[in-house]
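Engineer: Sequence and predicted model, in that order:
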Amino acid sequence: MAQTPVAEGVFTWPADDPQLIGSRCAACGITTFPTQDSCPRCAATEMEEQLLGRRGRLWAWTTQDFPPPSPPYAGPTGKDFVPFGVGYVELPGEVKVETRLTVSDPADLESGMEMELVLVPFRTDDEGNEVVTFAFRPVA
Amino acid sequence: MDVAIIGTGLHPFGRFPGVSAIEMGAVAIRHALADAGVEWRDVEFAFAGSYEVDNPDAVVALMGLTGIPFTDVYNGCATAASALAMAASTIRLGDHRLGIAIGMDKHLPGAFTSDPRLYACPSWYGELGHFITTKFFGMKINKYMDDHGISHETLARVAAKNYRNGSRNENAFRRKPLSEEEILGSPMLNYPLTQYMFCAPDEGAAAVVVCAAEDAPRYTDTPIYLRTTTVRTRRLGAFEVHSPWLPVEQTEGPTVDASRAAFDTAGIGPEDVDVIQLQDTDAGAEVIHLAENGFCRDGDQEALVADGALEIDGTLPVNTDGGLIANGEPIGASGLRQVHELALQLRGRAGERQVPGSPKVGYAQLYGAPGTAGVSILST
C-alpha cells in the first residue's frame, strides 16, 4: 500500500528519521510549529524554516476515548475507532508540540517521560493510500 | 456614571424541541423587563449575544420594532460577558440611561466543533481529531492534578455538588442528583474526565436590564451594582484550547489576567466575595478556576472540597444554581445566566438554594475557546 503524509510541510517526507518542520523568527528567535509566516511574539514577518528535535519530554496528556466530531475529524469512527493518547511533548529549547501518542492506557503515561517522534498509520484515503501522521512514543 | 442591574430573566436551560432561540430570547427579555418594572418601549439600547443565531436582534420582531441601537455580539465563551461589558460601557459613557444585555442559543447535542482554519489552525489539526475542546480540559486538569495533588474523588465531589445544586433550580437542564460513584463510573471521555464531569451544549436564554445607578431606586428597592465586567484574551505562552503548539516558557492564562484586572477595577478582593460563579465546563475547570480567580492557592482545593467549602452553606459557595454542569452551555446566554443567579442571591431571592448570611458581593467568570475569559463583579 502506498503511503502519503497527512499534509505536506508538517514533517520531512520521505525520511528515515523524520522531523517536524517548524519555523523560527529571525528577529526574536521564537520557534513555532507548524511553520507560519509571521511571528506570534514580535509580529516580524521574516520566519526561517527550522527542523525540530526528535526527542522530548511529555508535558501534559490525556486520552481521546470517543471519536471526535467529524468533520473535521477524518480518522476511523464507529466500530473502527480506536482510542488514542494525546499530549504536548516539550522539545528542549524549541517548542511544546501537541501530538497523538502511540499509547492510550493511562497506566503507560506519565508526565516527564521521554518521548520520540515516529510516523504512524492514521487512515486509508479514497485512493487506497495509507495516510500517515506524526506521533510520539515512549522511549523504551 | 455607575451601572446598576435592576432586572434579570431566564428562559430555562435544556432542550426545547420546536422552540427557536429567538423565541427563548423573547421569553428571557419579558421576564427581565417584568423584574425591572419597565416596558420594552423604555429600553434605549440592546446588546445580544449568540453563537448559532447570526442576528439575535431579530428578537425585536417579537418584542417591538422600536428603532433602538441594537448590536449583535459574538465572542466565544465570553460572549455574554462582552454583551454585558458593552451595555455597561454605554451607560458609563452617558450615551443612554437604560438598556438590556441578552443572550440566546440553541446548540445540537455533542461536543462543539468547527472548521479549524476559522481558528487560525491548520486543516490537518482537525483531520487528526485534535480540534476538540474536551481533550484540552482533560489535559489541563490531568497536569494540574499531577502538579498540585488533586484527586479523582475531588472532581467527582465537585460534579455531584453541581448536580445537587441543579436539583434545587427549576430552570436547570439536569436536575437529578448523581452520586460520586455514578460520576466516577460513567464512561471516560478524556482522562481523567468522565461523561458526567462535563457540561453539555444545550439551549436557553437570559437577559439583564441595566440602568444608570442614580436612576435605580426609581425601579427597585434592591438594585445590584455592576462593579466591572472585564474581558481578556490569551497571551503568548498561556496553556490554551486549540493550540497546535505552545512556547517552552509558560505564562498565566486569560482568566488570571481578567480576574486581577477586575478586582483592581472594582477595588474589591477575593476575600470580599460572598457567592461565586465559575466556568465549570468540566469539574476540573471549576477546581482550577477557583485558584486562577484568586479564591485559594493551587492545591488547596483538595481540602476545601472535602470540607464542603464550595457548597451553598460553605465558606466559598460556587455555582449555586448548578453551574454549567447542571445547566449546560448555550454559549450566548451562559454568562448572563451566571449574573441572573448572582442577582437572585444578592437580592435574597434564591429560595431553597439561597446562600445564608445576606451575601453582598458576587463574582462570575467565563472561559473558553479560543482562549478568552470574562469576569463580572456585582455588589449590593
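Structural biologist: Good, I have the coordinates.
Engineer: Could you count how many residues lie near the closest residue to A:Val139 other than its chain neighbours?
Structural biologist: Nearest residue to A:Val139, sequence neighbours excluded (CB to CB, 6 or more residues apart in numbering or on different chains): A:Glu114, at 4.3 Å. C-beta coordinates here come from the backbone N, C-alpha and C atoms, glycine included. Using other CB atoms under 10 Å in any protein chain shown, the number of residues around A:Glu114 comes to 13.
Engineer: repeat for B:Ala306
Structural biologist: B:Ala306 has 12 nearby residues by other CB under 10 Å.
Engineer: doesn't B:Ala156 make contact with it?
Structural biologist: No. Between B:Ala306 and B:Ala156 there is no contact under CB atoms under 8 Å: 11.6 Å.
Engineer: Regarding the residue nearest to A:Val139, what are the backbone dihedral angles?
Structural biologist: phi -80, psi 140 (degrees, to the nearest 10).
Engineer: got it, and the one 4 residues further on?
Structural biologist: When read as degrees, to the nearest 10, the backbone of A:Val118 gives phi -140, psi 160.
Engineer: pLDDT of the helix or strand B:Ala48 falls within, averaged?
Structural biologist: Here B:Ala48, judged by DSSP states H and E, is contained in strand B:45-49. The pLDDT scores in strand B:45-49 average 98.
Engineer: do the same with stretch A:55-65
Structural biologist: In the prediction, stretch A:55-65 has an average pLDDT of 98.
Engineer: buried stuff in it?
Structural biologist: Buried residues in stretch A:55-65, counted by 16 or more other CB atoms under 10 Å in any protein chain shown: A:Gly56, A:Arg57, A:Leu58, A:Trp59, A:Ala60, A:Trp61, A:Thr62, A:Thr63, A:Gln64, A:Asp65.
Engineer: Ok, stretch B:312-330 next?
Structural biologist: B:312, B:316-330.
Engineer: mind checking how far the residue nearest to A:Val139 is from chain B?
Structural biologist: The spacing between A:Glu114 and chain B, counted by CB to the nearest CB, to the nearest Å, is 16 Å.
Engineer: That residue touches A:Ala140, doesn't it?
Structural biologist: No. Counting by CB under 8 Å, A:Glu114 does not reach A:Ala140; the two are 9.6 Å apart.
Engineer: Could I get the full set of strands for chain A?
Structural biologist: A:3-5, A:21-25, A:31-32, A:47-51, A:55-64, A:84-91, A:95-101, A:114-124, A:130-138 (DSSP state E).
Engineer: Include distance to B:Phe137 when you put those strands into JSON lines, please.
Structural biologist: Formatted as JSON lines, the strands of chain A follow (distance: least, CB to CB, whole Å):
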{"stretch": "strand A:3-5", "distance to B:Phe137": "30"}
{"stretch": "strand A:21-25", "distance to B:Phe137": "26"}
{"stretch": "strand A:31-32", "distance to B:Phe137": "24"}
{"stretch": "strand A:47-51", "distance to B:Phe137": "31"}
{"stretch": "strand A:55-64", "distance to B:Phe137": "8"}
{"stretch": "strand A:84-91", "distance to B:Phe137": "12"}
{"stretch": "strand A:95-101", "distance to B:Phe137": "14"}
{"stretch": "strand A:114-124", "distance to B:Phe137": "22"}
{"stretch": "strand A:130-138", "distance to B:Phe137": "21"}
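Engineer: Which one of the ones you listed lies nearest to A:Thr77?
Structural biologist: Taking CB to CB, strand A:114-124 is the member of the strands of chain A nearest to A:Thr77, at 10.0 Å.
Engineer: Look through chain B and state the residue closest to chain A.
Structural biologist: The nearest approach of chain B to chain A comes at B:Gly126, 2.8 Å away (CB to the nearest CB).
Engineer: helix/strand/coil for that residue?
Structural biologist: Following DSSP: H, G, I helix; E, B strand; the rest coil, we place B:Gly126 in the helix state.
Engineer: Please work out how many residues are found near it.
Structural biologist: Using other CB under 10 Å: B:Gly126 sits among 25 other residues.
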